[in-house]
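# Need coordinates for the following:
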Amino acid sequence: MLSFFKTPRIRGGVHAEEHKTETAALPISNDFPLPKKLFIPLQQHVGKPAEPLIMVGEKVLKGQLLAYSQGLISAPVHAPSSGVIVDVNDYPAPHPSALPIRTIVLETDGKDEWMKTQAASDPFQLNPEEISLRVGAAGIVGLGGATFPTAVKLNMGRENRVDTLIINGSECEPYLCCDDRLMQEHAEEIIDGVRLMLHGMETDHAVVAIEDNKALAFFAMRAAAEPYASIKVIQIPTRYPMGWDRQLIRYVTGKEVPVGCRSSEIGVTIHNVGTAYAVHKAIRLGQPLLSRVVTVAGGAVLRPMNVEVPFGTLISELFDFCAVDKDQTARIIMGGPMMGDSLPHTGLPTVKATSGVLALTQRELKNTDEQPCIRCAGCVSVCPAGLRPLDMANNIRINQLDAAVDLGLKDCISCGCCSYICPSNIPLVQYFKYASGEVMARQQAQHKSEQTKKLIDARNARMERIAQQQREDELARIAAKAERERLKAEQEAAV
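Have a look, this model is predicted:
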């Protein structure tokens, strides 16, 4: 049986100001109008992008496979609605850079016509491997933001003999409450998805962890899980970033995930409540992952809500539906304000990782006038990874990136707690994001240099072998000529 630690095991974190009240009280909206065009990126997950198997001009049905996964760490992409493929080309990605990525453009026909699906009549009679195969074929990835292919985690859980499955219902980001509403309205389906995950991993126990500011979701989930002794629903303290997997594992089980290791290696794996709901629909109904609940909030949103949105919907259309005041919008953020990405414009599509889209006014943005550090050590006390943010930032300022790495730069999760708490408004997390990107760029450049050197060395070795062979061939030719001349001389002498 599961045992839970009663003493707090929370490292760092902050009590971020919440803005969930309006949207958390509203039911999920399912009347979002179907867009005329959907822009479906082939890279909506960790790993290799999906490879398209459709042609321009081809008619497709809702749920039809558009692009297949490449390799182990990848995920397929399906048609969110029925219509015609009008293009497969580069389109700006939902990322701060808005750099183009390969995208399928689907012109919808308004019918939203499903293809024939294959549901399992009794999924618990399926082999655990079959559960993973169906989850993988449905294109399900972690919907908490990591977007790691779910089937891979199920397989790792089974291979590593994981004994505890944790379902993350913390949703600690301010403004976001899509998981909260999902738990309130679809608790039974989520619990069914948890049971299917347990079956797929051959694991006996699961715990659903919900922050204590979501009372209605907790009661709904506890009631849904009551018939199943293997599933426990608990409340955890409301503290950001409680949803970080290592923080949650530490609090629930008391175990520490070693640096460089996966949680499955210590017998624990984590999935999001939205992922469990998607697993239920994939196995019970045969439906691939085509849409998700998105929180649309912020001071510039006149109709804040949680809305079911098909992947590939442009943010501009979502903002029109929620009556966003463009003149009041000072910043657009995909995700939450702590770890989300600031987007340059609204002409970008929603994807599997889009848990929320915020339209923030100037009043909601933190003062960015940076002041000298007062050495309060607040950033140290709130860091959930136990790092020294100020020391890392000082090294980054003077371009001593190796020193920052030695201080734990690679362990930073970019949660933003240090920047949030800093009374001097020092953009610490921006320093770390810049440094992480620079370190990666340097590593890639070094790798490229090493690969180039290997290619040059291999070419030189090849040219030397060719030259050596040519020398040997020339010597052999000379020797053969000499032998011919000797034989000829002997023949002439004999005559």
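# mind checking which helix or strand the closest residue in space to residue 340 that isn't next to it in sequence is in?
Closest residue in space to residue 340, ignoring its immediate chain neighbours: residue 333 at 4.3 Å, by C-beta to C-beta, 6 or more residues apart in numbering. For every residue, glycine as well, the C-beta is placed using N, CA and C. Element membership for residue 333, per DSSP states H and E: strand 331-334.
# Output the below-cut-off pLDDT ranges for the protein.
1-9 (pLDDT under 70).
# how about 50 then?
Per-residue confidence for the chain (pLDDT under 50) gives these ranges: 1-7.
# Show me how the record splits it into domains.
21-293, 308-364, 378-436 (automatic domain parsing).
# The stretch 251-400 of the chain: strands as residue ranges?
268-272, 291-297, 305-310, 331-334, 341-343, 356-360 (DSSP state E, counting those that start in this stretch).
# Quick one: neighbours of the residue nearest to residue 340, just the number.
Neighbour count of residue 333, defined by other C-beta atoms under 10 Å: 21.
# Same check on residue 191?
29.
# likewise residue 438?
A count of neighbours around residue 438, defined by other C-beta under 10 Å, yields 14.
# on that earlier part again, now the strands of the stretch 251-400 of the chain in TSV, with distance to residue 248?
Output for the strands of the stretch 251-400 of the chain, formatted as TSV (distance: least, C-beta to C-beta, whole Å):
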stretch	distance to residue 248
strand 268-272	7
strand 291-297	21
strand 305-310	23
strand 331-334	23
strand 341-343	23
strand 356-360	20
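# Can you say which of these is nearest to residue 165?
strand 268-272 (5.9 Å; C-beta to C-beta).
# Residue 477: which of the domains of the chain is closest?
domain 21-293 (50.0 Å).
# How far does the closest one stretch from one end to the other?
17 Å (C-alpha to C-alpha, to the nearest Å).
# Helices of this structure, start to end?
21-24, 128-137, 150-159, 178-185, 187-201, 215-225, 245-253, 273-284, 315-321, 378-382, 389-397, 401-406, 417-421, 428-494 (DSSP state H).
# Give me the contact list for stretch 22-33.
175, 177, 180-182, 185, 214, 293, 295-297, 304-310, 313, 318, 321 (C-beta atoms under 8 Å, 6 or more residues apart in numbering).
# Just the buried ones among these, please.
Among the contacts of stretch 22-33, those buried by neighbour count (16 or more other C-beta atoms under 10 Å) are 175, 177, 180-182, 185, 214, 293, 295-297, 304-307, 309-310, 313, 318, 321.
# sorry, back to before: highest mean neighbour count out of the helices of the chain?
Most buried of those by mean neighbour count (mean count of other C-beta atoms under 10 Å) is helix 273-284; its value is a mean of 26.
# Who are the contact partners of residue 80?
38, 40, 62, 106, 290-291, 310-312.
# Skip the chain neighbours and tell me the closest residue to it.
residue 310 (3.7 Å).
# Residue 274 now?
residue 143 is the one closest to residue 274 (C-beta to C-beta, 6+ apart), at 3.6 Å.
# Kindly tell me how buried the one you found is, as a neighbour count.
27.
# What is the neighbour count of residue 226?
11.
# Now residue 11: closest residue in space that isn't a chain neighbour?
residue 384 (5.3 Å).
# I meant to write residue 118 there.
residue 286 (4.7 Å).
# Would you mind measuring from the one you found to residue 114?
Counting by C-beta to C-beta, to the nearest Å, the separation of residue 286 from residue 114 is 10 Å.
# quick one: contacts of stretch 255-266?
153, 156-157, 160, 162, 245-246, 249-250, 267-270, 411.
# what's the answer for stretch 395-410, then?
With C-beta under 8 Å, 6+ apart, stretch 395-410 has contacts from 385-388, 391-392, 431-432, 434-436, 438-439, 442.
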